[in-house]
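Student: Fold the following, please.
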Amino acid sequence: MKMPSLEESVNRLMAVSGVEEFDPDTPLTSSAVDSLDLTEWVYHMQEQYPELALDESIVGEINDSMTFRDLHKKIQEDRVVGAVANDG
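Tutor: Numbering: from 1, shown residues only. The predicted structure follows:
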């Protein structure tokens, strides 16, 4: 199973956080979601997509400029690097 799309990930984050609007290009620290919402989203991702090997430490990597789009891309890139490392 592959990584869910950005749109699917945004929809799930909105569902767990209860926000009605969310712009994936707004810095996360300026958005309506907080670290608890993101951690809840990570737990959902762990349950639905265990092959991503995602853990809550990624929430700690968020800085003042990181957007949800950046976070989603980082997870995708980490997954590709991990897959290559496991194949090699």
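Student: Quick check, central residue of this protein?
Tutor: His72 (4.9 Å; C-alpha atoms, centre = their mean).
Student: can you give me the helices in the protein?
Tutor: For the chain, the helices defined by DSSP state H occupy 6-17, 35-48, 68-87.
Student: So for Pro27, which of those helices sits nearest?
Tutor: helix 68-87 (8.9 Å; C-beta to C-beta). Using the backbone N, CA and C atoms, a C-beta is placed for each residue, glycine as well.
Student: I'd say the residue nearest to the centre of the chain and Ser9 touch.
Tutor: Yes. Contact criterion C-beta atoms under 8 Å: His72 and Ser9 qualify, at 5.5 Å.
Student: which regions of this structure lie under the pLDDT threshold?
Tutor: Scanning the chain for pLDDT under 70 picks out 1, 80-88.
Student: Out of the helices of the chain, the one nearest Gly60 is which?
Tutor: Using C-beta to C-beta, the helices of the chain put helix 35-48 closest to Gly60, at 8.5 Å.
Student: Flag every buried residue along that closest one.
Tutor: By neighbour count on 16 or more other C-beta atoms under 10 Å, the buried set for helix 35-48 is Asp37, Leu38, Glu40, Trp41, Val42, Met45.
Student: That one - contacts with which helices or strands?
Tutor: helix 6-17 (3 or more C-beta pairs under 8 Å, 6 or more residues apart in numbering; DSSP states H and E).
Student: what's the neighbour count on Ser9?
Tutor: Using other C-beta atoms under 10 Å, Ser9 has 20 other residues around it.
Student: Next one: it from Asp78, what distance?
Tutor: 14 Å (C-beta to C-beta, to the nearest Å).
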